[in-house]
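Chemist: predicted model and sequence follow; I will ask about them next.
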Amino acid sequence: MALLDWIAPESGLRVEGDGIFLRPPKASDYPEWRDLRARSREFLQPWEPTWPVDDLSRAAFRRRLTAYARDREVGSAYPFFVFRAQDGALTGGITLSNVRRGVAQMGSVGYWCGKPYARQGLTLNAVRALVLFSFRSLALHRLEAACLPENQPSRRLLNRAGFAEEGFAKAYLKINGVWRDHVLFGLVSPLRAHDGPDEGVSV
């Protein structure tokens, strides 16, 4: 898949979930993404890396798309936006990153949800959809995730999505300008890998 195909809407990749669907970000998403992130800034900032000064600018968004395309081109990451199925509203984002092949066959899951759509099960359903995409379409063996110890909603979400708490990492990631401890989660595929995409995933 070429770089421009990944950025363009005709790239065709779409993952269906319960009440949601995932698809790669595209340039026309910028206004809705900017508005949702701006409205949710205070809600999101405690759990995310420090936002650059120009984080919500169109130029920064274009740089994101370019980076996403390069990651997808080499198969190292699969970034998606999350949309509510009933009206197509952008509710957040989810990414399968740090994909490792060879003897590992694993990747890391990260996500965010806009404040207006929190606590509605949309992110949980997005994680479940990404899990199926990862195991059935990409034939990965294992997924990992991490969250701050005090982020109880995220811990509950990961448990409900099938992840098991596996450990504790000191100063694991720099969040909001500070190196923070994280709780580590893992999920091993119960599925047999196959060559084709799963039902609900169109490529």
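Modeler: The structure has been received and is ready for your questions.
Chemist: how many other residues sit next to the closest residue to Asp18 other than its chain neighbours?
Modeler: Nearest non-adjacent residue to Asp18, counting by Cβ to Cβ, 6 or more residues apart in numbering: Asn125, 4.5 Å away. The C-beta positions use only the backbone N, C-alpha and C, and glycine is treated the same way. By the criterion of other Cβ atoms under 10 Å, Asn125 has 20 neighbours.
Chemist: please apply the same query to the one 4 residues further on.
Modeler: Using other Cβ under 10 Å as the criterion, Ala129 is surrounded by 23 other residues.
Chemist: hang on, the earlier thing: and the helix or strand harbouring the residue nearest to Asp18, what's its mean pLDDT?
Modeler: Per DSSP states H and E: Asn125 is located in helix 122-132. The average pLDDT within helix 122-132 is 98.
Chemist: also stretch 152-163?
Modeler: 97.
Chemist: can you give the distance from it to the centre of its chain?
Modeler: The chain centroid and the centroid of stretch 152-163 are separated by 15 Å, computed with Cα atoms, centre = their mean, to the nearest Å.
Chemist: again, but for stretch 99-109
Modeler: Chain-centre distance of stretch 99-109: 15 Å, with Cα atoms, centre = their mean.
Chemist: buried residues in that stretch, which are they?
Modeler: In terms of neighbour count (16 or more other Cβ atoms under 10 Å), stretch 99-109 has its buried residues at 99, 105-107, 109.
Chemist: what's the answer for stretch 173-189, then?
Modeler: 173, 175, 180, 182-187, 189.
Chemist: re the thing from before, farthest-separated two in the buried residues of stretch 99-109?
Modeler: Largest separation among the buried residues of stretch 99-109 by Cβ to Cβ: Gln105 and Val109, giving 14.7 Å.
Chemist: host element of the nearest residue to Gly110 once chain neighbours are set aside?
Modeler: Spatial nearest neighbour of Gly110, excluding adjacent residues (Cβ to Cβ, 6+ apart): Thr95 at 5.2 Å. In this assignment (DSSP H and E), Thr95 forms part of strand 90-100.
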